[in-house]
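Chemist: What follows is a predicted structure for the sequence shown.
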Amino acid sequence: MSDTVAGTLWTTPGQFTGKAIKATAAYAGIKIAYPASYIHFEDNYKPDFVTKFPYSKVPAWEGADGFTLFESAPIARYIASLAPESGLLGKTAKEAALIDQWIHLMEEANNYTENIELYIQHVLTPYSKSSHELFVQYQIRALRVLNSHLAQRTFLVGDALTLADIFIAALVLRACGINIATAERAKLPHLVRHMEMVLNQPVFVEAGIFPPIPVLDKAGSPFLSFD
């Protein structure tokens with residue numbers, strides 16, 4: 001890893017898309033910095049932050065050259081591009097497109113996870129059972145597609161780890177702490193095996209980027225059921 005700091009990343013400790021960006025940088029050997037202090041919902045609404053990032057959202061990136069970005073996938077993609085030899089963006093234009101395809105699918109599934117979490121926490125009100133069930137079914141469909149795709153593959157694209165693998169593993173890990181109960185994971189064997197393989201990459205373990213896979217005895221109602 002070069003001693004040169006490529007830029008600064010604003011995120012929060014519990015933000016799994018931020019963890020995906022950190023993992024991308026670690027795998028690519030890109031050194032990144034973090035703000036000396038950051039208070040979410042305060043600092044991101046201050047004028048100096050809004051001037052750089054008008055949507056007041058994290059993750060947010062400011063390169064050493066002043067280049068700014070927000071939204072998780074573009075930040076991770078840009079950081080990976082700083083180390084093309086890492087292979088994280090694929091070897092061909094087709095592989096690059098497939099990497100984007102899987103990331104965007106998982107981002108959509110993560111949006112359903114977020115909505116389900118808000119229902120579970122009674123933040124999204126008034127409660128709508130029909131909307132809740134619709135979010136669950138859409139999330140199940142995405143997870144099944146991923147599980148099927150990985151049935152005879154080690155990696156999502158090609159024969160080596162890419163940005164798609166990092167994003168999918170990070171966001172499946174997040175869902176495992178919200179509404180994919182431990183018993184249900186046995187019905188997604190290929191996706192769970194893939195997540196474990198990615199999370200246990202030595203560079204991620206050494207850097208302490210990802211937390212342990214949580215045990216979840218029960219999830220929000222209705223539970224995710226893959227029967």
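Modeler: That came through, no problem.
Chemist: Residues contacting stretch 41-55, please?
Modeler: With contacts defined as Cβ atoms under 8 Å, 6 or more residues apart in numbering, stretch 41-55 is touched by 10, 35, 37, 56-58, 60, 62, 68, 70. From N, CA and C alone the C-beta is placed, and that goes for glycine too.
Chemist: Quote the end-to-end distance of it.
Modeler: One end of stretch 41-55 to the other measures 12 Å (Cα to Cα, to the nearest Å).
Chemist: same deal with stretch 64-84?
Modeler: The stretch stretch 64-84 measures 18 Å between its terminal residues, going by Cα to Cα.
Chemist: quick one: which of the contacts of stretch 41-55 sit in strands?
Modeler: Judged by DSSP state E, strands contain the following of the contacts of stretch 41-55: 10, 60, 62, 68, 70.
Chemist: Now which of those residues would you call buried?
Modeler: Among the ones in strands among the contacts of stretch 41-55, those that count as buried by neighbour count (16 or more other Cβ atoms under 10 Å) are 10, 60, 62, 70.
Chemist: Closest to residue 207 out of the ones in strands among the contacts of stretch 41-55?
Modeler: Proximity to residue 207 was ranked across those by Cβ to Cβ; first place goes to residue 10, at 18.4 Å.
Chemist: if I pick that closest one, what's in contact with it?
Modeler: Counted by Cβ under 8 Å, 6+ apart, residue 10 has contacts 34-35, 38, 44, 49, 53, 58-61.
Chemist: Out of these, which sit inside helices?
Modeler: Mapping the contacts of residue 10 onto helices (DSSP state H) picks out residue 49.
Chemist: now the contacts of residue 10 as JSON lines including distance to residue 158 and pLDDT?
Modeler: Putting the contacts of residue 10 into JSON lines (distance: Cβ to Cβ, whole Å; pLDDT from 0 to 100) gives the following:
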{"residue": "34", "distance to residue 158": "31", "pLDDT": "97"}
{"residue": "35", "distance to residue 158": "35", "pLDDT": "96"}
{"residue": "38", "distance to residue 158": "36", "pLDDT": "95"}
{"residue": "44", "distance to residue 158": "36", "pLDDT": "97"}
{"residue": "49", "distance to residue 158": "38", "pLDDT": "98"}
{"residue": "53", "distance to residue 158": "33", "pLDDT": "98"}
{"residue": "58", "distance to residue 158": "30", "pLDDT": "98"}
{"residue": "59", "distance to residue 158": "26", "pLDDT": "98"}
{"residue": "60", "distance to residue 158": "30", "pLDDT": "98"}
{"residue": "61", "distance to residue 158": "26", "pLDDT": "98"}
